[in-house]
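Trainee: structure, please.
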Amino acid sequence: MNARRFEAVITDIDGCLGPESAAPLDAPLLAQIAEYNIRAKRDRSVASITVCSGRPLPYAEAVCRLIGNDTLPAICEMGVWLLDLAEHHYIMDPAITPDQLDAVRAAQRWIERELLPRGVLVQPGKSASISLWHRDTSYLMSLKPELQAKFNEHAWPLRISNTVAWVNCDLAHVSKASGIARFKQRTGLHHSQLAGIGDTIGDLAIREHVAFFGVPANAQDELKAKADYISPFHETGGVLDILRHIEKLSG
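Mentor: Next up, the predicted model:
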């Protein structure tokens, strides 16, 4: 058996393992990705695959089960949680305090009172962050200054960012980067042993923590400029292509 060049591949979900839209997941391609996790258990040349996502923990757990990841921790809710299926552990970032959780809940109550009547929806299932959606994406993005002003007014320690269709309100000290740092600490894996996959500028946190970084064809141009490999394929097909490229590097 060859020694692995990479022990783990950390990939985003939306725009990578699945579409940014509400379109169905590509189950046949995800089954092919799961084969990598199955092979990794017996072949030292194959890296295991896990996820790093802003999605709530239950969604990330379902995706991990689809791709056969029951060995590596998953980073969920933009770093709020580490999900360790191997140990059956759900670990919130210990840097999150009770007062900060109270602030997130207070901010969500204000959003529910003031923004839900305007058609804004709150993504269910999150514990220490808030994700917002509206049918009119341009209108949703126009609310960011109002949100920031309200957060500042109440000293709610929330950072505002956005993806293609969502506005995310996260605790200022919690991010994909802090989640990956906790992942490294829990697994003992280092930068040189990790590869990553992402599609939006928010995935720079993955880029900065791995030795090799690939993007699918649908990735934002700003992120493509940081990539070691750009797949000609989109989303799940792109991830599968990147995994094949990583396997060649390890051959």
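Trainee: contact partners for the spatially most central residue of the chain?
Mentor: With distances taken as CA atoms, centre = their mean, the residue of the chain nearest its centroid is residue 53 (1.4 Å). Each residue near residue 53 by CB atoms under 8 Å, 6 or more residues apart in numbering is listed here: 12-14, 59-60, 63, 74-78. The way it works is simple: take the backbone N, C-alpha and C, and place the C-beta from them, glycine included.
Trainee: distance-wise, check it relative to residue 149.
Mentor: 29 Å (CB to CB, to the nearest Å).
Trainee: which stretches of this protein form strands?
Mentor: Along the chain, counting by DSSP state E, strands occupy 8-11, 48-51, 74-76, 81-84, 89-92, 121-122, 129-133, 158-162, 167-171, 194-197, 212-215, 229-230.
Trainee: tell me the gap between the second one and the middle of its chain.
Mentor: The reference is to strand 48-51. 11 Å (CA atoms, centre = their mean, to the nearest Å).
Trainee: rewinding a little: how about the strands of the chain in a markdown table, adding mean neighbour count, mean pLDDT and distance to residue 115?
Mentor: Below are the strands of the chain laid out as a markdown table (neighbours: other CB atoms under 10 Å; pLDDT from 0 to 100; distance: least, CB to CB, whole Å):
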| stretch | mean neighbour count | mean pLDDT | distance to residue 115 |
| --- | --- | --- | --- |
| strand 8-11 | 26 | 98 | 32 |
| strand 48-51 | 25 | 98 | 29 |
| strand 74-76 | 28 | 98 | 24 |
| strand 81-84 | 22 | 98 | 25 |
| strand 89-92 | 14 | 97 | 26 |
| strand 121-122 | 15 | 98 | 8 |
| strand 129-133 | 20 | 98 | 7 |
| strand 158-162 | 17 | 95 | 13 |
| strand 167-171 | 22 | 97 | 10 |
| strand 194-197 | 27 | 98 | 33 |
| strand 212-215 | 25 | 98 | 33 |
| strand 229-230 | 16 | 98 | 37 |
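Trainee: run through who's touching stretch 84-93.
Mentor: Contacts for stretch 84-93 (CB under 8 Å, 6+ apart): 57, 61, 64-65, 69-74, 79-83, 127-128, 174, 178-179, 182, 186.
Trainee: I meant to write stretch 116-126 there.
Mentor: 56-59, 77, 80, 108, 111-112, 130-136, 140, 143, 166.
Trainee: change it to 7 Å
Mentor: 56, 58-59, 77, 108, 111-112, 130-135, 140 (CB atoms under 7 Å, 6 or more residues apart in numbering).
Trainee: what about the chain, any weak spots by pLDDT?
Mentor: 1-4, 251 (pLDDT under 70).
Trainee: how many neighbours does residue 153 have?
Mentor: Residues near residue 153, counting by other CB atoms under 10 Å, number 9.
Trainee: got the domain ranges for this protein?
Mentor: Domain ranges of the chain: 8-94+174-250, 98-171, per automatic domain parsing.
Trainee: return the most buried member of those domains.
Mentor: Most buried of the domains of the chain by mean neighbour count (mean count of other CB atoms under 10 Å) is domain 8-94+174-250; its value is a mean of 19.
Trainee: endpoints of that domain, how far apart?
Mentor: Counting by CA to CA, to the nearest Å, you get 12 Å between the two ends of domain 8-94+174-250.
Trainee: cool, stretch 193-213 as well?
Mentor: This stretch, stretch 193-213, spans 12 Å end to end (CA to CA).
Trainee: which residues are contacting it?
Mentor: Contacts of stretch 193-213 (CB under 7 Å, 6+ apart): 6-12, 15-16, 47, 52, 161, 163, 175-177, 180, 191-192, 214-216, 218-220, 222-223, 226-228, 239, 242, 246.
Trainee: cross the residues you listed against helices and list the overlap.
Mentor: 176-177, 180, 222-223, 239, 242, 246 (DSSP state H).
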